[in-house]
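> Sequence plus predicted model, see below.
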Amino acid sequence: MARTFKGGVHPHDYKELSKDRPIEDAPAPDVVFVSLRQHIGAPSKPVVKPGDEVKKGQLIAEPGGFVSAACHSPVSGKVKSIKPRPHMMGTPVDAIEIENDGREEWAEECNVPADWEKLSVDELKKKIAAAGIVGLGGATFPTHVKLSPPPDKKIDAAILNGVECEPYLTADHRLMLEQPDRVLEGFRIIQRILGGVKGYIGIEANKPDAYMLMKEKAMKYPDIEVVMLPVKYPQGAEKQLIKAILDREVPSGGLPMDVGCVVQNVGTAAAVYDACARNVPLIERIMTVTGDGVERPANYRIRIGQMLTPILERSGLKEGVRKLIFGGPMMGLAQAGPDIPLAKGNSGVVAMMEAPLFEPRMCIRCSRCVDHCPMGLEPSVLSLLSEARRYLEMAEHDVLDCIECGVCTYICPARRPIVQQIKIGKQKVLEARKKK
Ligand code: SF4
Ligand code: SF4
């Protein structure tokens, strides 16, 4: 029987636009704007000031709390300013502006090989924290925190997420095809940190080449199983992935560690390898630029903090693009324009020539949203409660379990903006709890 989860949908994935495009370096930026908020948790705190000379890989901002991450300079050059800049969430956020001197000079401690197998678990975790690694699948949760579950949570499995179920995006696919050893070594480091646990690599069936390659590469490690999963959105969501691979259900309000599991994205594993085996912090990532709004869809290696505009121009941004989305069309965020610095969580940008506006209608009680919700919620009820501003009642209907996958909105024949209404409800419930 196929390993899968309940609910979900099958949108056309449009991956054919960019899946065969090898990773290429985006043009080196003249200037970068490294945002101090590019992870879940407290913003980072700058440790440099305007006028300072910095090297590539040098620490420029330290974590601002326990759940936070460090930032490093993606170029060598000079700090020009620290001030608010546009941010993909809509509100400007402080960013460190660095002018690139083009010399690409690494900080002394960086880009030096290390034998990670000789390091202790504590040393590996320190390296990951110092490298500012966050979840690169889009969640941006600081990785060193996720790899440090409390002692009462017994972990017996690690899952490497190579599903990339969001339509259009192909960055993880290309990474697995072009740098499988980097990904696999990073995953072995993660397994070791978690106590030598069994490892599973989940890949959707629409990437048979990546599945075959990772399977072949993983053959020498008996504690790693590569699992091909049916194509279904949101197969890459943590809870759905755990259900499909391990047949374990994360309880309501719970986390993967409650069922003995930790999930990491393939890009995160590659960054873990860089930190532990090369002493290279997270200063670049792979990102897809695609959609019918660009002439040449591509997968780029971008520097964190570089502006999106020149990258779109390189891809041949067409006149009259109606919509730019950071991430994919199901969970991504539409942007007001392209003048935005890229951040650690940017897995892709989709440019669209069409952006139809739908007039929402009354719920016709067809139950399609309920049948397809992968979390077993009643999106129609949540939508109606949000519309009536009865936000606190949404908590009784488990609104906080919603993973914001957008399946309900996608499937609704009445074109109701269900996930948008749910997001408002979640925020109100959380605010009320905080006040209490
Ligand atoms: S967005 Fe939330 S309510 Fe809608 S289908 Fe996904 S999990 Fe269910
Ligand atoms: S899919 Fe839309 S119309 Fe159907 S029950 Fe859900 S909210 Fe109502």
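Happy to help now that I have it. Ligands and ions are numbered 1, 2, ... in the order given.

> list the contacts for the residue located most distally from the centre of the chain?
For the chain, the largest distance from the centre (CA atoms, centre = their mean) belongs to residue 364, which lies 34.7 Å off. Residue 364 is in contact with 413, 414, counting by CB atoms under 8 Å, 6 or more residues apart in numbering. All C-beta spots, glycine's among them, are computed from the backbone N, C-alpha and C.

> Tell me, what's the model's pLDDT at it?
On the pLDDT scale, residue 364 is placed at 96.

> Please tell me how far it sits from ligand 2.
With distances taken as CB to the nearest ligand atom, to the nearest Å, residue 364 is found 4 Å from ligand 2.

> That residue in helix, strand or coil?
Recorded secondary structure, residue 364: coil (DSSP: H, G, I helix; E, B strand; the rest coil).

> In the stretch 101-250 of the chain, which residue sits closest to ligand 1?
Nearest residue of the stretch 101-250 of the chain to ligand 1, counting by CB to the nearest ligand atom: residue 234, 7.3 Å away.

> Next up, the contacts around that residue.
Here residue 234 is in contact with 8, 165, 166, 240, 330, 331, 374, 403, 405, 407 (criterion: CB under 8 Å, 6+ apart).

> By mean pLDDT, point me to the weakest helix or strand of the chain.
Every helix and strand in the chain was compared by mean pLDDT, DSSP states H and E; the lowest is strand 333-335, with a mean of 89.

> just checking, next helix/strand downstream of that one?
Following strand 333-335 in sequence order, the next helix or strand is strand 348-352 (DSSP states H and E).

> Quick one: mean pLDDT for the helix or strand following that following strand?
Moving toward the C-terminus from strand 348-352, the next helix or strand (DSSP H and E) is helix 368-372. Here helix 368-372 scores 97 as its mean pLDDT.

> just the helices in the stretch 101-250 of the chain please.
121-130, 143-146, 171-178, 180-193, 208-218, 238-246 (DSSP state H, counting those that start in this stretch).

> on that earlier part again, make a PyMOL selection of the buried ones in the contacts of residue 234.
Those of the contacts of residue 234 that count as buried under 16 or more other CB atoms under 10 Å are selected in PyMOL with:
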select buried, resi 8+165+166+240+330+331+374+403+405+407
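
> what's the closest of the contacts of residue 234 to ligand 2?
Using CB to the nearest ligand atom, these come closest to ligand 2 at residue 407, 10.1 Å.

> Next, work out how far apart that closest one and residue 237 are.
Distance, residue 407 to residue 237, using CB to CB, to the nearest Å: 10 Å.

> cool, and residue 313?
Applying CB to CB to residue 313 and residue 237 gives a distance of 33 Å.

> Which one's more surrounded, these two?
Between residue 313 and residue 237, residue 237 has the larger neighbour count (other CB atoms under 10 Å), namely 25 against 12.

> dump the residue contacts of the closest residue to that one other than its chain neighbours.
By the measure of CB to CB, 6 or more residues apart in numbering, the closest residue to residue 237 outside its immediate chain neighbours is residue 403, 5.2 Å from it. Contact partners of residue 403, counting by CB under 8 Å, 6+ apart, are 234, 237, 239, 374, 375.

> mind checking the SS state of residue 403?
Going by three-state DSSP: residue 403 is coil.

> Measure how buried residue 384 is and give me the count.
Other residues near residue 384 come to 17 when the count uses other CB under 10 Å.

> Let me see the contact set for it.
Contacts of residue 384 (CB under 8 Å, 6+ apart): residue 363.

> What of residue 316?
So residue 316 contacts 294, 295, 296 (CB under 8 Å, 6+ apart).

> which of the residues you listed tops the neighbour count?
residue 294 (25 neighbours).

> Now that residue. Nearest residue, chain neighbours left out?
residue 315 (4.2 Å).

> how many neighbours does residue 278 have?
Residue 278: 16 surrounding residues under other CB under 10 Å.
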